[in-house]
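Colleague: Pasting the sequence and the predicted model now:
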Amino acid sequence: MRSKHARRSPAVNAAADTVAVSEFKTRCLQILEGLRRSSRELVVTKHGIPIARIVPIQAEPQPLRGLLKGEIEIVGDIVHADFASEWEAG
(Lines give C-alpha, C1' and ligand atoms only; values in the text may rest on other atoms or scores of the structure.)
Protein backbone atom coordinates (compact mmCIF):
# COMPACT_ATOMS: atom_id res chain seq x y z
CA MET A 1 0.00 0.00 0.00
CA ARG A 2 2.98 2.29 -0.08
CA SER A 3 2.41 5.17 -2.43
CA LYS A 4 5.22 5.98 -4.84
CA HIS A 5 4.79 9.65 -3.85
CA ALA A 6 4.78 9.16 -0.08
CA ARG A 7 7.91 9.87 1.91
CA ARG A 8 8.87 8.35 5.25
CA SER A 9 8.84 10.68 8.27
CA PRO A 10 10.85 10.02 11.45
CA ALA A 11 7.66 10.41 13.54
CA VAL A 12 5.89 7.62 11.63
CA ASN A 13 5.83 4.09 13.03
CA ALA A 14 8.23 1.97 10.98
CA ALA A 15 5.62 -0.83 10.78
CA ALA A 16 3.03 1.51 9.24
CA ASP A 17 2.39 1.80 5.53
CA THR A 18 1.97 5.28 4.06
CA VAL A 19 -0.35 6.57 1.36
CA ALA A 20 -0.83 10.03 -0.12
CA VAL A 21 -4.13 11.70 0.76
CA SER A 22 -5.08 11.92 -2.94
CA GLU A 23 -4.62 8.16 -3.38
CA PHE A 24 -6.51 7.48 -0.14
CA LYS A 25 -9.41 9.61 -1.37
CA THR A 26 -9.53 7.70 -4.67
CA ARG A 27 -9.22 4.18 -3.23
CA CYS A 28 -10.66 4.65 0.29
CA LEU A 29 -12.92 1.57 0.47
CA GLN A 30 -10.33 -0.71 -1.11
CA ILE A 31 -7.60 0.54 1.25
CA LEU A 32 -9.81 0.14 4.32
CA GLU A 33 -10.68 -3.45 3.36
CA GLY A 34 -6.98 -4.19 2.95
CA LEU A 35 -6.29 -2.76 6.43
CA ARG A 36 -9.00 -4.93 7.95
CA ARG A 37 -7.41 -8.07 6.51
CA SER A 38 -3.80 -7.14 7.30
CA SER A 39 -4.33 -5.67 10.81
CA ARG A 40 -1.66 -3.05 10.01
CA GLU A 41 -1.94 0.67 10.50
CA LEU A 42 -1.81 3.21 7.69
CA VAL A 43 -0.42 6.73 7.75
CA VAL A 44 -2.00 9.22 5.36
CA THR A 45 0.37 11.92 4.14
CA LYS A 46 -0.04 15.27 2.42
CA HIS A 47 3.05 16.37 0.51
CA GLY A 48 5.00 13.68 2.40
CA ILE A 49 3.97 14.97 5.83
CA PRO A 50 1.89 12.60 8.02
CA ILE A 51 -1.58 14.02 8.67
CA ALA A 52 -3.55 10.99 9.90
CA ARG A 53 -3.07 7.47 11.21
CA ILE A 54 -5.71 4.84 10.47
CA VAL A 55 -5.69 1.82 12.77
CA PRO A 56 -7.96 -1.21 12.31
CA ILE A 57 -10.19 -2.07 15.25
CA GLN A 58 -9.06 -5.17 17.11
CA ALA A 59 -11.72 -7.65 18.17
CA GLU A 60 -12.30 -7.56 21.91
CA PRO A 61 -11.37 -10.86 23.56
CA GLN A 62 -14.44 -12.64 24.85
CA PRO A 63 -14.32 -13.34 28.62
CA LEU A 64 -14.27 -17.02 29.55
CA ARG A 65 -16.55 -16.56 32.56
CA GLY A 66 -20.09 -17.38 31.53
CA LEU A 67 -19.05 -18.46 28.04
CA LEU A 68 -20.99 -21.75 28.25
CA LYS A 69 -23.95 -20.42 30.27
CA GLY A 70 -27.08 -22.25 29.16
CA GLU A 71 -25.04 -24.77 27.12
CA ILE A 72 -24.17 -27.27 29.85
CA GLU A 73 -26.52 -29.22 32.12
CA ILE A 74 -25.16 -30.43 35.46
CA VAL A 75 -26.66 -33.74 36.56
CA GLY A 76 -26.05 -35.05 40.07
CA ASP A 77 -23.70 -33.85 42.80
CA ILE A 78 -20.46 -32.58 41.24
CA VAL A 79 -18.99 -31.51 44.60
CA HIS A 80 -19.31 -34.76 46.53
CA ALA A 81 -18.99 -37.28 43.71
CA ASP A 82 -17.68 -40.76 44.50
CA PHE A 83 -15.95 -42.37 41.53
CA ALA A 84 -14.23 -45.12 43.54
CA SER A 85 -16.73 -47.76 42.43
CA GLU A 86 -16.13 -46.87 38.77
CA TRP A 87 -12.31 -47.23 38.94
CA GLU A 88 -10.52 -50.53 39.02
CA ALA A 89 -7.48 -50.86 41.25
CA GLY A 90 -4.60 -51.99 39.12
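Modeller: Nice, thanks for sending it over. Computed from a predicted structure; not experimentally measured.
Colleague: and I74, how many neighbours?
Modeller: 6 (other Cβ atoms under 10 Å). In short, each C-beta sits where N, CA and C put it, glycine included.
Colleague: Confirm that it sits in a strand.
Modeller: No - counting by DSSP: H, G, I helix; E, B strand; the rest coil, I74 is not part of a strand but coil.
Colleague: From W87, how far out is it?
Modeller: Distance, I74 to W87, by Cβ to Cβ, to the nearest Å: 21 Å.
Colleague: Tell me which residue is most central in this protein.
Modeller: The residue lying closest to the centre of the chain (Cα atoms, centre = their mean) is Q58, at 3.2 Å.
Colleague: ok, and the closest non-adjacent residue to it?
Modeller: S39 (7.5 Å; Cβ to Cβ, 6 or more residues apart in numbering).
Colleague: Look at the one you found and say how many residues are nearby.
Modeller: By other Cβ under 10 Å, neighbour count at S39 equals 11.
Colleague: Touching, it and V55? I think so.
Modeller: No - using Cβ atoms under 8 Å, S39 is not in contact with V55, being 9.4 Å away.
Colleague: three-state assignment of I51?
Modeller: Applying three-state DSSP: I51 is strand.
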